[in-house]
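> Pasting a predicted model and its sequence here:
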Amino acid sequence: MFYVIIIIWVLLDLLTKNLASLYLQDRLQLIWDFLYLQYIENTWIAFSIQLPSLVLKLVTIILIILIFYYYRTEKKNKEKNNLLDISFWLILAWAIGNWIERIFNEKVIDFIWVQYFSVFNLADSFITIWAVLYLYVLYRQNKG
């Protein structure tokens with residue numbers, strides 16, 4: 001099930017980026033002056049943080065390996081935790097989806113624009129959801 005979910009999320013991320021490149025020539029307003037869809041080519045990492053291309057690729061590959069190793073180690077040492085599973089699936093989907101794009105295109109397509117924040121994509125939102133879920137799991141484990 002783990003691999004199927006990762007593949008589905010990566011394909012969903014790549015599909016939304018492809019649709020954005022095909023159909024978002026102009027900015028599309030969704031919610032007032034707050035949320036838009038707009039095609040942007042991002043040569044940097046999540047939320048337009050700047051790193052050189054080679055460093056970015058190496059960091060992403062290392063990150064994927066470390067996350068996968070940590071996830072497998074945690075699973076052996078802890079009881080089943082669905083939120084923890086989902087959070088690690090999200091971070092892997094983020095890393096793999098953006099890594100695939102960077103290998104083939106040297107850039108990532110961003111298309112979700114939140115006013116006064118940044119332009120990002122579905123994979124970038126995966127890392128944000130992962131962080132929130134993971135912090136929540138840690139909080140619950142330390143509380144109980």
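Noted; the coordinates are in hand.

> Distance of the nearest residue in space to residue 114 that is not next to it in sequence relative to residue 84?
Using Cβ to Cβ, 6 or more residues apart in numbering and skipping residues adjacent in sequence, the residue nearest residue 114 is residue 35, 5.9 Å away. Glycine gets a C-beta too; all of them are placed from N, C-alpha and C. Distance of residue 35 to residue 84, given as Cβ to Cβ, to the nearest Å: 30 Å.

> and these two? which has more neighbours close in?
Just comparing residue 35 and residue 84: by other Cβ atoms under 10 Å the higher neighbour count belongs to residue 84, 21 against 14.

> how far away is that one from residue 91?
As for residue 84, its distance to residue 91 is 11 Å (criterion: Cβ to Cβ).

> and after the host helix or strand of residue 18, which helix or strand comes next?
Using DSSP states H and E, residue 18 maps to helix 2-23. Next helix or strand after helix 2-23 toward the C-terminus (DSSP H and E): strand 28-31.

> So which bits of the helix or strand hosting residue 139 are buried?
Element membership of residue 139, judged by DSSP H and E, is helix 122-143. The neighbour-count criterion (16 or more other Cβ atoms under 10 Å) identifies 122, 123, 124, 126, 127, 130, 133, 134, 137 as the buried residues of helix 122-143.
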